[in-house]
Every structure is written in structure tokens, then in C-alpha cells.
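Engineer: following is a predicted model, sequence given first.
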Amino acid sequence: MSQPGYSDKVMDHFMNPRNVGVIEDPDGYGKVGNPTCGDVMEMFIRVKDDRIEEIKFRTFGCGAAIATSSMTTEMALGKTVEEGLKITRDEVGRELGGLPPNKMHCSNLAADALHMALEDYLNKAAVRKG
Amino acid sequence: MRRIYMDHAATTPLAPEVLEAMIPYFSERYGNPSSLHSFGREAREAVDDARTEVAALLNAEPSEIYFTSGGTESDNLALRGIARKNKKKGRHIITSSIEHPAVLEVCKALAGEGFEVTYLPVTREGLVEVGAVEEAVREDTILISVMHANNEIGTIQPLEEIGRLAGEKEIYFHTDGVQTAGKIPVDVRSLGVDAFSLSGHKLYGPKGAGALYIRKGVRIESIQQGGGHERGMRSGTENVPGIVGLGRAAMLAEEKMEEESERMRSLRDRMSGWVLKEIEDSWLNGHPVKRLPSNLNFGFRYIEGESLLLYLDAKGVAASTGSACSSKKLAASHVLSAIGLEPVESHGSLRITLGMENTEEDVDYACRAISESVARLREMSALRPG
Ligand SMILES: Cc1ncc(COP(=O)(O)O)c(C=O)c1O
């Protein structure tokens, strides 16, 4: 029915996803999507000295959804919060060597989930500062 | 790597005997069945023999069998041919909401030609209710088309009852039997059908060869004009090797049906027994009993079908899913939606369709592969509780 046509890199991230899991009491958390009409992704981050020190994800979705989540965590790990916020959907797709056209929306979700986690971190940090 | 094919509803391998029967018709017996010379005559005889073999599989007369290029064409011919020929009598068609696109899309096209189509709902198990058919019948209903067994969930429809009703009301009754021909007994007389579609590549025959049974006396017109082959019903020089292969496949299927369907049923039940017991939050879509002997359609909560399919593929197990992640959203197949599954239930569907080459060992290997793949995907699923 669906014709994936995934690149080797997509298949690698899908079959061997990096950074799967959860972080207890994360510094930032983001969740996007809804199961009725599509993929659901969660991102958890731990930040130290303004850098993304640890990042984990959980995803419900197709191969592209899992691969883009994994790729996004790999790209974000070690980056500053500001750099993380600059990771775009297109970059994730490019890093993966492209996605089939009908799967581009999956990369959107992964970048959105990351941004949401980072914003959550920034909001919490702002609250802490008072 | 070990590779196990469990997607026989999509297509089947060619039986070795079928291939053997076909080969001479690609080489030394290349005549055109319409030719009067000896080359033509031997091709004509082969086509006639195949017609007899296909007729025997359906308990039809050879003269009621028309060769086509497959299931899709047979459905097109039956629906368009009957509808157009009988439009003076009426313009209403009844079908089900779980038909193959080869029927649904034709109905859509016929709606564009001024026909009106009623799409019947189905039960949770995928059954068309005879009462619903009866209620849908109108003065101007000319055709009912309900598939024999569904290609996704394997539910077998109560054709006898629908056939009886259609007969009483003098409405033509077509069935898409692509998934049943050669797999379960088919008797077009007792089913009460006026037209029956079948396809070679679903019964260990060749792709691109199929047939339509049309009961003698049914008013139907051809949809493809030309030299008047197949008694004017389907013009175009016959696909002789394909037809020979289809005939041989029909013959083999009939010979092996009892034994093979029993074997399929036992493999099927072995698999569903194991999976449903060992994997939490799993269930079977379709009907528990009125079901093709070779069909399983599992639901697994918290995971998505395409991912599961690809994980299984990496372990060498070939299956299929009713989940499609398309341009904007994850969409369930029209069949899974029609049986009333919630979107989250339909995303994690896995169709296993067993076949001739599958063994108990294959089934046990596939069970383990499914269990491991489901577990891995659940570990990374954002829907998993906790
Ligand atoms: C129920 C049903 N009808 C029709 C078809 C189409 O048959 P074919 O591939 O021979 O055109 C299929 C095959 O996918 C089928 O499963």
C-alpha cells in the first residue's frame, strides 16, 4: 500500500534508533502529534551549562517517524540550546539523505518535538530565575 | 537470511507444474488461437482445455467462462458490462463498503455515468448483513456486487443468502471471488451468483491472467471492442501461456483443496493461538469462524503497522498492513475503518496470509519474529502507558 523507498540512512536510524527512552525529571519535555490522525513523538532533554547533555525520545509512527526522531536527537546532542532551536525540519530530512515526498511531514514532527522540549526548558529556567 | 513469504493475498508463487504447463506456449506452440492452421488449432485447444478446467473449479459450464487479464479487469467487465447493458431497466447498484478498489473505483466511475450506488456497511466482523441488502433494494436496482471473501480481513460473506434474495428480486448478482477461488469450495450455482471474478496470480497461477464467469443468459455488454475474441465479450488476442497457466492452476487447486485448506487452517490457528496468547494487547480483526483458512489480521496496540512490517522484513518475514502513512496523516485502510476500528486500533494492523510453501516451522519462526518486533517497537512507542 505505502511505498516507503527509504534511504540507507533512514533505514539505519529506523532499525537502530539512537537515544530511545525517557529521562526521569527532564529539564525539558515536548510531545507532539496525536494518535487519531498520525504519529506521536516525545522528546526529553537534560541541559548542562547551556548544552544538551542528554536527549531521549519515544515515537509511535511509521519508519520515517522513528528515523527522523532518532536523527533529530543525534543532531541535537551536545549542541547549545540556541543551536538546538535552529535545527529545522529540512535539515533533519537532508541529514537523512532525503525522505519520500509523502513522508516529509514526519520530519516536521521530530523538529517540532525538539523545539517544544527546548522551549519547555527555557520557560522553566525563566521561572527559576524569577 | 531465511526468507518467509506470508503475503499470499497479495500474490502467490507460480506452482512448478503451472510453469511447466506454460512454457511450451511461449516457445514452440506460439500459434494464434484464431488461426485456422495447425499452429492456431493447438493454441485454441489449449485455451479450450483451460476453460474447462476453470469451469470445473466453479461448477460452471465452459461456455460461461471468459478469460481476462486478471481480477481487476474481471470486476470492471462485470460491473460496467452489466450496468450499461441494463440501464434502461434501472440505474441503481448495491455494493459493500469493504470491496477491493477494483470494484469500489468502478462504482465511483459508474456514478459519474449516472448510476446510483449504495455502499452497505458491515458488522464489526466484516459481514454484510442480508437484511441490509434487502433494505437497500429498490425498484430500479439492477446489480448487487458483494465480494466472496475480503482480501484484508478474510471474512467470508453469506453469498447464498444474498444470492437467493437477488434471484427473487431478479437483480443481477456479481461477486469478486479473487480471494476464494481455489482456496475454498466455490459452486456458482449454489451461491446463486450471475458473475464471479477470479485472478490467476492469487491461486499459484500467472499474473495478468484471470477469468470472469458469466451465467448463461445474463445481459451484459463488452467493455473492450475489437476482433471479437472470447465470443465478443473481450477482444484481444488471447494470452495463451497465461490462460494455460490459469487452467492448470485451477486444476491443481481443485485437486489439493481439501487437504491444503485443512493444512492452512491448522497453521493459521497455530499462529493465532500463539500470538494472541503470548503478545499482550493483541487481537484478531475479522470474523473468528467465517474466515479464509489462510488469513490472519492481527491488531497490536501502541505500534504502527508500517514499522512492524519493516522490522519483520528485516527478519525475513514478508507480511502486509492496513496502515498507510500517506501525505498528511496516518490513515487506516477503508476496510479497517468500515469494521469500526478506532484509528489507534487500526494503525497497528498486520495481515498474514499463509500459503502452500509455509510450514509449521515457518509459522513458529514468524511468531517469534512478530513477538520480538512488537516488543521493540513498543519499547520506543510514545503511546505505551508508563
Ligand atoms: C479481492 C480482490 N479483488 C481484485 C483484485 C485484483 O486482482 P488483479 O491483481 O488480478 O487485478 C485483488 C488483488 O489484489 C483482490 O484481492
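Structural biologist: That came in fine, so what should we check first?
Engineer: can you tell me the closest non-neighbouring residue to B:Y30?
Structural biologist: B:F39 (7.1 Å; C-beta to C-beta, 6 or more residues apart in numbering or on different chains). (Glycine included, C-beta is placed from N, CA and C.)
Engineer: who's in contact with the one you found?
Structural biologist: Counting by C-beta atoms under 8 Å, 6 or more residues apart in numbering or on different chains, B:F39 touches B:R29, B:Y30, B:G31, B:N32.
Engineer: do the same with B:A10
Structural biologist: B:A10 makes contact with B:S320, B:T353 under the criterion C-beta under 8 Å, 6+ apart.
Engineer: now do it, the pLDDT please.
Structural biologist: For B:A10, the model assigns a pLDDT of 97.
Engineer: likewise A:K103?
Structural biologist: Looking at A:K103, the pLDDT reads 79.
Engineer: any idea how far B:A10 is from it?
Structural biologist: Going from A:K103 to B:A10 by C-beta to C-beta, to the nearest Å gives 22 Å.
Engineer: also B:K183?
Structural biologist: Distance from B:K183 to B:A10, by C-beta to C-beta: 14 Å.
Engineer: show me what from the stretch 1-150 of chain B comes close to the ligand.
Structural biologist: Residues of the stretch 1-150 of chain B lying close to the ligand (C-beta under 6 Å from any ligand atom) are B:G70, B:G71, B:T72, B:D75, B:H100, B:A102, B:M147.
Engineer: need the strands for the chain, in chain order.
Structural biologist: Because you didn't say which chain, this covers chain A. A:28-33, A:40-48, A:51-60 (DSSP state E).
Engineer: can you look at chain B instead?
Structural biologist: Counting by DSSP E, chain B has strands at residues B:4-5, B:65-68, B:92-96, B:116-120, B:141-145, B:172-176, B:195-199, B:210-214, B:282-284, B:295-300, B:317-318, B:323-325, B:330-332, B:349-353.
Engineer: residues contacting residue 61?
Structural biologist: You didn't say which chain, so I picked chain A. By C-beta under 8 Å, 6+ apart, A:G61 lies in contact with A:G33, A:G38, A:D39, A:V40, A:M41, A:C106, A:L109, B:E304, B:S307, B:C325, B:L330.
Engineer: was after chain B, sorry
Structural biologist: B:A55, B:K216.
Engineer: report the separation between it and B:G245.
Structural biologist: Distance from B:E61 to B:G245, counting by C-beta to C-beta: 22 Å.
Engineer: please apply the same query to B:I303.
Structural biologist: Distance from B:I303 to B:G245, counting by C-beta to C-beta: 39 Å.
Engineer: pull stretch A:37-50 out as CSV, backbone CA atoms only.
Structural biologist: Only the C-alpha atoms of stretch A:37-50 are listed here, as CSV (Å, rounded to 0.1, in the frame of the first residue of the first chain):
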residue,chain,number,x,y,z
CYS,A,37,-4.6,11.0,12.8
GLY,A,38,-0.9,10.2,13.0
ASP,A,39,2.4,10.0,14.6
VAL,A,40,3.1,10.9,18.2
MET,A,41,6.6,11.9,19.4
GLU,A,42,8.0,12.7,22.8
MET,A,43,11.4,14.3,23.5
PHE,A,44,13.2,14.5,26.8
ILE,A,45,16.3,16.7,27.4
ARG,A,46,18.8,17.2,30.1
VAL,A,47,20.7,20.5,29.8
LYS,A,48,24.0,21.4,31.5
ASP,A,49,25.9,24.6,31.1
ASP,A,50,23.5,25.6,28.3
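Engineer: so who does B:A15 touch?
Structural biologist: B:Y204, B:G205, B:R248, B:A249, B:L252, B:M356.
Engineer: so which of the residues you listed wins on neighbours?
Structural biologist: Among the contacts of B:A15, B:G205 has the most neighbours (other C-beta atoms under 10 Å in any protein chain shown), with 34 neighbours.
Engineer: who is B:I214 paired with across the strands?
Structural biologist: Counting by DSSP bridges, B:I214 is bridged to B:A195.
Engineer: which one's the longest helix in the chain?
Structural biologist: Just going to use chain A. Counting residues, the longest helix in chain A under DSSP state H turns out to be helix A:104-129.
Engineer: actually, chain B is the one I wanted.
Structural biologist: In chain B, assigned by DSSP H, the helix with the most residues is helix B:240-278.
Engineer: contacts (any at all) between the ligand and that helix?
Structural biologist: No - contact of helix B:240-278 with the ligand (C-beta under 6 Å from any ligand atom) is absent, the minimum separation being 10.6 Å.
Engineer: equivalent analysis for stretch B:178-191, please.
Structural biologist: Yes - in terms of C-beta under 6 Å from any ligand atom, part of stretch B:178-191 sits within range of the ligand, namely B:V178, B:Q179.
Engineer: keeping just the C-alphas, turn that stretch into CSV.
Structural biologist: Extracted in CSV, the C-alpha atoms of stretch B:178-191 (Å, rounded to 0.1, in the frame of the first residue of the first chain):
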residue,chain,number,x,y,z
VAL,B,178,-10.4,-13.3,-6.3
GLN,B,179,-9.6,-14.4,-2.7
THR,B,180,-11.7,-17.5,-2.6
ALA,B,181,-11.3,-19.2,-6.0
GLY,B,182,-9.0,-22.2,-5.5
LYS,B,183,-8.9,-21.7,-1.7
ILE,B,184,-12.4,-22.7,-0.5
PRO,B,185,-15.1,-24.6,-2.5
VAL,B,186,-16.9,-22.4,-5.0
ASP,B,187,-20.1,-23.5,-6.6
VAL,B,188,-21.6,-20.7,-8.6
ARG,B,189,-25.0,-22.4,-8.9
SER,B,190,-25.4,-22.9,-5.1
LEU,B,191,-24.0,-19.5,-4.4
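Engineer: what is the mean pLDDT for that stretch?
Structural biologist: The average of the pLDDT scores along stretch B:178-191 is 98.
Engineer: and it, what's buried?
Structural biologist: B:V178, B:Q179, B:T180, B:A181, B:G182, B:K183, B:I184, B:V186, B:V188, B:L191 (16 or more other C-beta atoms under 10 Å in any protein chain shown).
Engineer: just to revisit the earlier point, B:D281: which of the strands of chain A is closest?
Structural biologist: Nearest of those to B:D281, taken as C-beta to C-beta: strand A:51-60 at 13.3 Å.
Engineer: would you map out the domains in chain B?
Structural biologist: Chain B breaks down into these structural domains: B:4-11+B:256-380, B:16-252 (assignment by automatic domain parsing).
Engineer: coming back round to it: looking at the buried residues of stretch B:178-191, which is nearest A:V22?
Structural biologist: For these, the nearest to A:V22 is B:Q179 (43.3 Å; C-beta to C-beta).
Engineer: so what's that closest one up against?
Structural biologist: Taking C-beta under 8 Å, 6+ apart, one finds B:A9, B:M147, B:H148, B:A149, B:N150, B:N151, B:G154, B:K202, B:L292 in contact with B:Q179.
Engineer: filter the buried residues of stretch B:178-191 down to the ones in helices?
Structural biologist: B:V188, B:L191.
Engineer: which one of the buried residues of stretch B:178-191 sits closest to A:L122?
Structural biologist: Taking C-beta to C-beta as the measure, A:L122 lies nearest B:Q179 of the buried residues of stretch B:178-191, at 56.0 Å.
Engineer: so how far is B:S349 from that closest one?
Structural biologist: 17 Å.
Engineer: one more: A:E74?
Structural biologist: 31 Å.
Engineer: the two: who's more crowded?
Structural biologist: Using other C-beta under 10 Å as the criterion, A:E74 and B:S349 rank with B:S349 on top: 26 against 16.
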